[in-house]
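Student: could you work out the structure for the sequence below:
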Amino acid sequence: MASFIAAIDQGTTSTRCIIVDKQGNIHSVAQKEHEQIYPKPGWVEHDPEEIWQNTLEVIAKARIQLRLTTRDIEAVGITNQRETTVVWNRKTGKPYYNAIVWQDVRTESVVAELAQEGGADRFRAKTGLPLATYFSALKLGWLLDNVPGLRDDAERGIALFGTIDSFLIWHLTGGPHGGEHVTDVTNASRTQLMDLQTLDWDDDMLNTLTIPRAMLPDIRPSSGMFGTITSEVIPGVPITGVLGDQQAALVGQTCFEPGQAKNTYGTGCFLLMNTGTKIRPSTCGLLTTVAYQFGNEPPHYALEGSVAIAGALVQWLRDNLGIIKTSGEVQTLAEQVEDNGGTYIVPAFSGLYAPYWRTDARGIMAGLTRFVTKNHIARAALEATAFQTYDVLQAMQEDAEIALKTLRVDGGMVVNDLLMQFQADINNVPVIRPRVTETTAIGAAYAAGLAVGYWASIDELKANWGVEATFTPSMPEEKRTDLLHHWKKAIERSFDWAN
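Tutor: Have a look, this model is predicted:
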């Protein structure tokens, strides 16, 4: 009987479990969505207990589909939505409050207060991150200040904090009966409490934000021992790999060399470039983060940039304008014209993310004439995703002082050949679409398998990575320059719109 690696992919909207073999082939998938809770405008929460129960269910389903016993699964990897913050009771395992999701903006006023004292970048040198509602530390501070009794329990070590990976590991490895309270370096690097150089919680940060160290998990390498599962779904199987979701996609794409980058195309875009073992501070509006750490090897770092609106712009064409009935129709419309007809869309619906960070920007269509049809608008919508990706990648190359060799892509939008070709043309580098696009879960499986010798080295992982299609730049330089010139003009016109 063949042996396998299981990976739990706990995402923002659902939880999945996949079973993979030595060649990186997926043999079984089980998935279940969880509720999105919106108590107030800008607040986003999840029920941690619902996520825990869904995790047990998808593990069981994925295993049963293949009729596997626990002996057939050598190790488990976990990848998770990053920054989402949970606090729970060490004695009972019960959460004190719903998980506060990475998208939540309830800490805006705290961000403003802290920025007044030292600017938005006051913690960047240590943590690689600017002050923002995005990261876990301020969410945890809100919980400590607003949940009755939580701070007292935290100081006594009764209340535990973690991102979703920590919460699941603790429950899977025994919960109140000796559960392991741990996280990995990639998730810890997104809390804004870890020093990127020491890979440990920083006492100055904890003191500044008044967070008790007793409630924090131990930080471990991404590939290594996290604990043994005691839960009846797969008892006795070790958890040996943990990665935040975007870092897991980087590993799943086998971007192990400095200068290799991946872009995940979903509702938004998340771009990560491997910068090697050197920390690269950003001067261009990007984030410096841990990419992965395998065992006792030095950590690898990455620069990260995010685009707020990518696939969401196609949804807007469908749901708000009614130009298309299904998302797949956007390519059909766009292919009926040779170019955008002079039309540019800047989808700054709630401001612009990297590298501009303009909260005053708003969405615009520029260059409209009577010539423009819905076909041109569809094409301009696809091109907007590629233009935004270009902007972030230019900033990455400047920060990293590394020239981009290729761009590896994954996510729902990569099936769109027109978008992928245009991305290659605008970047002027090849865009590579892999054979298996489930790169996030695969990355967690790889981290787990490396730790137990299922894969002997990253060379075996590289051998698993196969190319489904390569999109080679073919656009004349004059046309490329003209398109980027007009995109820049459109971006500038989106500025200073909101007060």
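
Student: can we go C-alpha only for contacts and neighbour counts from here?
Tutor: OK.

Student: low-confidence ranges, the protein, go.
Tutor: Residues of the chain meeting the criterion pLDDT under 70: 1, 499.

Student: in which helix or strand would I find the nearest residue to residue 278 once chain neighbours are set aside?
Tutor: Leaving out its chain neighbours, the residue that sits closest to residue 278 by Cα to Cα, 6 or more residues apart in numbering is residue 301, at 6.6 Å. Residue 301 belongs to strand 300-307 when assigned by DSSP states H and E.

Student: now the strands for the stretch 1-150 of the chain?
Tutor: 4-10, 14-20, 26-33, 45-46, 73-80, 85-89, 99-100 (DSSP state E, counting those that start in this stretch).

Student: relative to residue 416, which of these is closest?
Tutor: Proximity to residue 416, assessed across these by Cα to Cα, is greatest for strand 26-33 (22.6 Å).

Student: how far off strand 4-10 does the closest one point, in degrees?
Tutor: Relative orientation of strand 26-33 versus strand 4-10 (axes from the mean of the first three to the mean of the last three Cα atoms, to 10 degrees): 20 degrees.

Student: mind listing the strands strand 26-33 pairs with, and their directions?
Tutor: Partners of strand 26-33 in the sheet, by DSSP bridges, are strand 14-20 (antiparallel).

Student: touching the helix or strand just after the strand holding residue 301 from outside, list them.
Tutor: Once the chain leaves strand 300-307, the next helix or strand it forms, by DSSP H and E, is helix 311-316. Residues from elsewhere that reach helix 311-316 (Cα atoms under 8 Å, 6 or more residues apart in numbering): 265, 266, 267, 268, 327, 330, 347, 381, 382, 385, 413.

Student: how close does the fifth one sit to residue 320?
Tutor: Residue 327 sits 13 Å away from residue 320, taking Cα to Cα, to the nearest Å as the criterion.

Student: neighbour-wise, which of these two wins?
Tutor: Neighbours were counted for residue 327 and for residue 320 using other Cα atoms under 10 Å; residue 327 has more, 17 against 11.

Student: show me what contacts residue 84?
Tutor: Residue 84 neighbours (Cα under 8 Å, 6+ apart): 99, 100, 101, 102, 135, 136, 163, 164.

Student: residue 36 versus the closest residue to the second one other than its chain neighbours, what's the distance?
Tutor: Read it as residue 100. The shortest distance from residue 100 to any non-neighbouring residue, by Cα to Cα, 6+ apart, is to residue 45 (4.8 Å). According to Cα to Cα, residue 45 and residue 36 sit 6 Å apart.

Student: same drill for the two, tell me which one is more crowded.
Tutor: Between residue 45 and residue 36, counted using other Cα under 10 Å, residue 45 has the larger neighbour count: 20 against 14.

Student: please name the residues that touch that one.
Tutor: Shown in contact with residue 45 (Cα under 8 Å, 6+ apart): 36, 37, 38, 39, 98, 99, 100, 101, 104.

Student: now the spatially closest residue to the fifth one that is not a sequence neighbour. Its backbone dihedrals?
Tutor: In space, residue 98 comes closest to residue 47 once its chain neighbours are excluded; the distance is 5.1 Å by Cα to Cα, 6+ apart. With angles defined as degrees, to the nearest 10, residue 47 shows backbone torsions of phi -90, psi 110.

Student: quick one: contacts for residue 47?
Tutor: Neighbouring residues of residue 47 by Cα under 8 Å, 6+ apart: 35, 98, 99.

Student: measure residue 156 to residue 149 for me?
Tutor: To residue 149, residue 156 is 11 Å away according to Cα to Cα.

Student: from residue 309, how far out is residue 351?
Tutor: Using Cα to Cα, residue 351 is found at 10 Å from residue 309.

Student: compare the two (neighbour count), which wins?
Tutor: Higher neighbour count among residue 351 and residue 309: residue 309, with 26 against 21, using other Cα under 10 Å.

Student: what lines up beside the strand holding residue 301 in the sheet?
Tutor: If you go by DSSP bridges, strand 300-307 pairs up with strand 269-276 (antiparallel), strand 287-292 (antiparallel).

Student: between the ones you listed, which one is closest to residue 78.
Tutor: The nearest among the strands paired with strand 300-307, by Cα to Cα, is strand 287-292 at 13.3 Å.

Student: stretch 346-353: end-to-end distance?
Tutor: End-to-end distance of stretch 346-353 (Cα to Cα): 12 Å.

Student: which residues sit against that stretch?
Tutor: Stretch 346-353 has contacts (Cα under 8 Å, 6+ apart) with 306-309, 313, 357-365, 384, 490-491, 494.

Student: ok, residue 302 touching residue 281?
Tutor: No. Residue 302 is beyond contact range of residue 281, at 9.9 Å (criterion: Cα atoms under 8 Å).

Student: list the buried residues in stretch 15-28.
Tutor: Buried residues in stretch 15-28, counted by 16 or more other Cα atoms under 10 Å: 15, 16, 17, 18, 19, 20, 21, 22, 24, 26, 28.
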